[in-house]
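*Asks:* Structure for this input, please:
(2 chains)
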2 protein chains.
Amino acid sequence: MMQIVETSQEGFTDLFAQRSARNAVDLGGEPLVEQILEDVNRRGDTAVAYWTQKLDGEVIRPDDMEIVPDPGCIEKLDPDLRSALETAAARIRAFHERLMPTGWYETTEPGIKLGARITPLDRVGIYVPGGKAAYPSSILMCAIPASVAGVEEVVMVTPPRGRHLPLVIEAAAAMAGVHRIFRVGGAQAIAALAFGTERIPRVDKVVGPGNRFVAEAKRRVYGLVDIDSVAGPSEVCIIADGSVDPAWAAADALAQAEHDEAAAVLILVTSRDYGQQIIDAIPGLLQDNPRRDIAAASLETNGLVVVCDGLDQAVDLSNQYAPEHLELLVDDPEALLERLRHAGAIFIGASTPEAVGDYIAGPNHVLPTQGTARFYSPLGTGDFVKRTSLMSFNQDALARYAGSIARLADEEGLHAHRESVLIRSK
Amino acid sequence: MMQIVETSQEGFTDLFAQRSARNAVDLGGEPLVEQILEDVNRRGDTAVAYWTQKLDGEVIRPDDMEIVPDPGCIEKLDPDLRSALETAAARIRAFHERLMPTGWYETTEPGIKLGARITPLDRVGIYVPGGKAAYPSSILMCAIPASVAGVEEVVMVTPPRGRHLPLVIEAAAAMAGVHRIFRVGGAQAIAALAFGTERIPRVDKVVGPGNRFVAEAKRRVYGLVDIDSVAGPSEVCIIADGSVDPAWAAADALAQAEHDEAAAVLILVTSRDYGQQIIDAIPGLLQDNPRRDIAAASLETNGLVVVCDGLDQAVDLSNQYAPEHLELLVDDPEALLERLRHAGAIFIGASTPEAVGDYIAGPNHVLPTQGTARFYSPLGTGDFVKRTSLMSFNQDALARYAGSIARLADEEGLHAHRESVLIRSK
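*Replies:* The predicted structure follows:
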């Protein structure tokens, strides 16, 4: 079912390069998205309702786009579910408070104060996909960091499915501090958040996963508002040295594969036997899984077990792949940390399956995919604040540096820059 | 020359809203840019040379695209210029070291360690515009933060102007820690950095200002590599309460206006007389400026003096405008800081003209323009690192939370997520 290869075999380098090069940004435009953006920019809510009917097949009127959540939604939850969600929310909040950047403004030398000031964004939009992918955990992961950052208004948009949302979605939004909810989705929702309409307020940033229309719309409005990274299929890399029950590695592979047929699983082992044991454990675990067809198709197409020549090589391959999730099912996992350079999140040791981080560990599960862990970070509190530089020179300090400023301004042909400094010493 | 208006006059709200709504992202594509990206992706250096000849009118061969800088370039500089650049470089370095984020990995409760790890990007690209806009100060501002962050390879691209660069550009690049320089520009340079070619290495992030082809190319490759914000015309907002010589405010207005006819100057005053004194001081200062036609045109078209009903209203208007540069030419500037919410950089007090920050103060002069200070930050060390989440649970900790994880996985229909936790307690 999962392909197994050895790094020493012919063609391995090409095969692995091909699996690693999974980030195919569509360089062309999407004409329909351009049309939707322009229409919403021009006609506002009327256009939002038009495209919702046309694409989502749901008739909405501008005045019933907003959902007023049931104020008692949290109390109505099944107690176990409520407790689990509250556990997750509290832990996510605590971790993201720890991530909150702090500002400063200090005298750095006589007459000079410099600083970096941190302030929250005023208003952000959170996109929550429709259907099965409307995960309550993702609402917590997107909205809680905004709330911790101090964002005044958190606006959630999600494709319509009748006039109400599932109770758990409403409850998760309430726990996470979402202020307003609109039942619109797709490129028209992104357009509404970026431009503002009569009823949907313009935001400063849009986060959250969506389909390719949503991704393209986000890319097109980038600059008018900020966006998070464009998410691709989920993926895990598991480094396993044989010290952990192979069934555990197999179970983790399946937890990734059940998401989506496009989900990818890369398992780096140090012996062929152990790699084969992991593969052999899969069918038994698949049996009872209602999503077994999806998981099997994912492993078949995007699963790969690589037999490495030792852990050093496994680390190198993991760095080349730059996985979204990286599990270290090895005897001394912390010893590997130093040399691991690119990963969205690292799950350290046999008792830390990825599912821990998906739900309750505290760090965000919105992570860079498709090798973008080379340059992107997990969603965090820092995504919902911005920094302002502060500087204050007194007259003496300005006089001390006036010569350097004037010389550089001269070099760049900026006469008035020089004069703005020299006029102050006349 | 500069228009002066009072906030109480009819039509002010609309006028100010129109001046503030200066961020017009082009929602459509740029077919030529798409063509260039696809061609460079397919044909590599051959395509880079082709488009360079076609668009820049310069014949280059793939094997002479790289410039090998003169190792003695710094020593050959005029001593005053060298000293000014070295002063700027040292101060920029010190400030950006202070901005460097730090990682952590700690026990947060028995059996659980969590963390955030900070690592530099491997390789970044810096775009330096051609012609007059090739400012040595901008090379320092873009490359030094990358160097402080620990980026292994900093690659600079700049449109060709013969086989050599101006000495000061080479020297600034050397001081700032640039590793390699290629004489290619435009969309073809962005494409080469994003895809990699035979000779130009693929980077993880592209920063630096450019024309609209460069901006559009950056937007299209976003996701394949990271990019900085898309820069628009430069702008300053000056809040002045009458306590500072009006000629100083006029000089600062001109320092902004001389950049570009599209540069914008907004002056917020609390009395009409003082506003008029600022305007009246401009012609005398313009006389000797070689760029007087540019500055005059900028002030005529994009300059505005607003007479406010007190400093509180000036602060509100500044927040609405969200300026790139904000000068506080007032008696007690620090008293205003708390209520100022959106600005790229704030220049505090009469002896801190914007030119201080353009060159030697230390904070970055690459700042969010066109109102994007609502959500973007100045370029900083944080732009050249990424964060990785770390988490480690031991067996007891996993057992403590297994119920919550299983309940949430059930709710989301993710059977294998639940099993990956439960299998570890069997």
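*Asks:* Which neighbouring elements make contact with the helix or strand containing A:Arg42?
*Replies:* Under the criterion of DSSP states H and E, A:Arg42 resides in helix A:31-43. Secondary-structure packing of helix A:31-43 (3 or more Cβ pairs under 8 Å, 6 or more residues apart in numbering or on different chains; DSSP states H and E): helix A:45-51, helix A:186-195, helix A:212-221. Where C-beta positions appear, they are placed from N, C-alpha and C, glycine not excepted.
*Asks:* mind checking pLDDT for A:Ala134?
*Replies:* pLDDT, A:Ala134: 75.
*Asks:* Is there a neighbour count for it? I'd like the number.
*Replies:* The number of residues packed near A:Ala134 is 19, by other Cβ atoms under 10 Å in any protein chain shown.
*Asks:* and if you look at A:Arg117?
*Replies:* Applying other Cβ under 10 Å, I find that A:Arg117 has 20 neighbouring residues.
*Asks:* does it really touch A:Thr388, like I thought?
*Replies:* Yes: counting by Cβ atoms under 8 Å, A:Arg117 does reach A:Thr388; the two are 4.5 Å apart.
*Asks:* okay, and the common contacts of those two?
*Replies:* Listed as contacting both A:Arg117 and A:Thr388 by Cβ atoms under 8 Å, 6 or more residues apart in numbering or on different chains are B:Ile346.
*Asks:* what's the strand or helix carrying A:Asp312 in contact with?
*Replies:* Following DSSP H and E, one finds A:Asp312 within helix A:311-321. Residues outside helix A:311-321 that contact it (Cβ under 8 Å, 6+ apart) are A:7, A:16, A:19-20, A:237, A:239, A:241, A:266, A:268-270, A:306, A:308, A:326, A:330, A:336, A:339-343, A:371.
*Asks:* again, 6 Å this time
*Replies:* Helix A:311-321 is contacted from outside by A:Ser20, A:Cys237, A:Ile239, A:Leu268, A:Cys308, A:Leu336, A:Arg339, A:Arg341, A:His342, using Cβ atoms under 6 Å, 6 or more residues apart in numbering or on different chains.
*Asks:* Tell me who's in contact with the residue nearest to the spatial centre of chain A.
*Replies:* With distances taken as Cα atoms, centre = their mean, the residue of chain A nearest its centroid is A:Val366 (3.3 Å). By Cβ under 6 Å, 6+ apart, the residues touching A:Val366 are A:Met141, A:Leu379.
*Asks:* That one belongs to a helix, doesn't it?
*Replies:* No: going by DSSP: H, G, I helix; E, B strand; the rest coil, the assignment for A:Val366 is coil, not a helix.
*Asks:* What score does it have for pLDDT?
*Replies:* pLDDT, A:Val366: 94.
*Asks:* how about it, phi and psi?
*Replies:* phi -90, psi 110 (degrees, to the nearest 10).
*Asks:* A:Leu329 now?
*Replies:* According to degrees, to the nearest 10, A:Leu329 has phi -90, psi 70.
*Asks:* So it sits against A:Asp241, correct?
*Replies:* No: the pair A:Leu329 and A:Asp241 fails to qualify as a contact (Cβ atoms under 6 Å) at a distance of 7.4 Å.
*Asks:* These two - which one has more neighbours?
*Replies:* Between A:Leu329 and A:Asp241, A:Leu329 has the larger neighbour count (other Cβ under 10 Å), namely 27 against 21.
*Asks:* which residues does A:Ser298 contact?
*Replies:* A:Ala257, A:Glu261, A:Ala263.
*Asks:* Does the last one touch A:Ala253 like I think?
*Replies:* No: the pair A:Ala263 and A:Ala253 fails to qualify as a contact (Cβ under 6 Å) at a distance of 9.9 Å.
*Asks:* Contacting chain B as well, which ones from the contacts of A:Ser298?
*Replies:* Among the contacts of A:Ser298, no residue is within reach of chain B (Cβ under 6 Å from any Cβ of the partner chain).
*Asks:* most surrounded residue in those residues?
*Replies:* Counting neighbours by other Cβ under 10 Å, A:Ala257 comes out on top of these with 31 neighbours.
*Asks:* Now do the same contact list for it.
*Replies:* A:Ala257 neighbours (Cβ under 6 Å, 6+ apart): A:Ala263, A:Val265, A:Ala295, A:Ser298, A:Leu299.
*Asks:* one more time with 8 Å, if that's ok
*Replies:* Residues near A:Ala257 by Cβ under 8 Å, 6+ apart: A:Ala263, A:Val265, A:Ile294, A:Ala295, A:Ala296, A:Ser298, A:Leu299, A:Gly303, B:Ala416.
*Asks:* count of neighbours near A:Ala399?
*Replies:* A:Ala399 has 15 nearby residues by other Cβ under 10 Å.
*Asks:* How about the backbone phi and psi for the closest residue to it other than its chain neighbours?
*Replies:* Nearest non-adjacent residue to A:Ala399, counting by Cβ to Cβ, 6 or more residues apart in numbering or on different chains: A:Ser425, 5.7 Å away. Backbone torsions of A:Ser425, given as degrees, to the nearest 10, read phi -110, psi 10.
*Asks:* got a pLDDT number for A:Gly29?
*Replies:* Turning to A:Gly29, the model gives it a pLDDT of 61.
*Asks:* near chain B, which residues of the stretch 101-250 of chain A show up?
*Replies:* A:101, A:104-105, A:108, A:112-114, A:116-117, A:119, A:121-122, A:132, A:135-137, A:168, A:204-205, A:219-226, A:229-230, A:247-248 (Cβ under 8 Å from any Cβ of the partner chain).
*Asks:* and these, which are buried?
*Replies:* A:101, A:105, A:108, A:112-114, A:116-117, A:119, A:121-122, A:135-137, A:168, A:204-205, A:219-226, A:229-230, A:247-248 (16 or more other Cβ atoms under 10 Å in any protein chain shown).
*Asks:* can you give me the end-to-end distance of stretch A:214-228?
*Replies:* The straight-line separation of the ends of stretch A:214-228 (Cα to Cα, to the nearest Å) is 12 Å.
*Asks:* distance between it and the chain's centre?
*Replies:* 14 Å (Cα atoms, centre = their mean, to the nearest Å).
*Asks:* Are there helices or strands packed against the top helix by length along chain A, and which ones?
*Replies:* Under DSSP state H, the helix in chain A containing the largest number of residues is helix A:79-99. On a contact count with 3+ Cβ pairs under 8 Å, 6+ apart, helix A:79-99 meets helix A:136-149, helix A:167-176, strand B:112-120, helix B:395-411.
*Asks:* Reformat the ones you listed as a markdown table; add distance to B:Glu152.
*Replies:* Compiled in a markdown table, those are given as follows (distance: least, Cβ to Cβ, whole Å):
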| stretch | distance to B:Glu152 |
| --- | --- |
| helix A:136-149 | 30 |
| helix A:167-176 | 39 |
| strand B:112-120 | 7 |
| helix B:395-411 | 37 |
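*Asks:* and the ones you listed, which is most packed in?
*Replies:* Among the helices and strands packed on helix A:79-99, the stretch with the highest mean neighbour count (mean count of other Cβ atoms under 10 Å in any protein chain shown) is helix A:136-149, at a mean of 27.
*Asks:* After that one, which helix or strand is next? Please name it.
*Replies:* For helix A:136-149, the following helix or strand on the C-terminal side (DSSP H and E) is strand A:153-157.
*Asks:* now do the same end-to-end measure for stretch A:161-175.
*Replies:* With Cα to Cα, one end of stretch A:161-175 sits 21 Å from the other.
*Asks:* Report the mean per-residue pLDDT for it.
*Replies:* Rounded mean pLDDT across stretch A:161-175 is 91.
*Asks:* Quick check: A:Pro159 touching A:Arg183?
*Replies:* Yes: with contact defined as Cβ under 8 Å, A:Pro159 and A:Arg183 form a contacting pair (7.2 Å).
*Asks:* What is the subsequent helix or strand relative to the least confident helix or strand in chain A by mean pLDDT?
*Replies:* The weakest-scoring helix or strand in chain A, judged by mean pLDDT, DSSP states H and E, is helix A:212-221 (a mean of 87). Counting by DSSP H and E, the next helix or strand C-terminal to helix A:212-221 is strand A:226-227.
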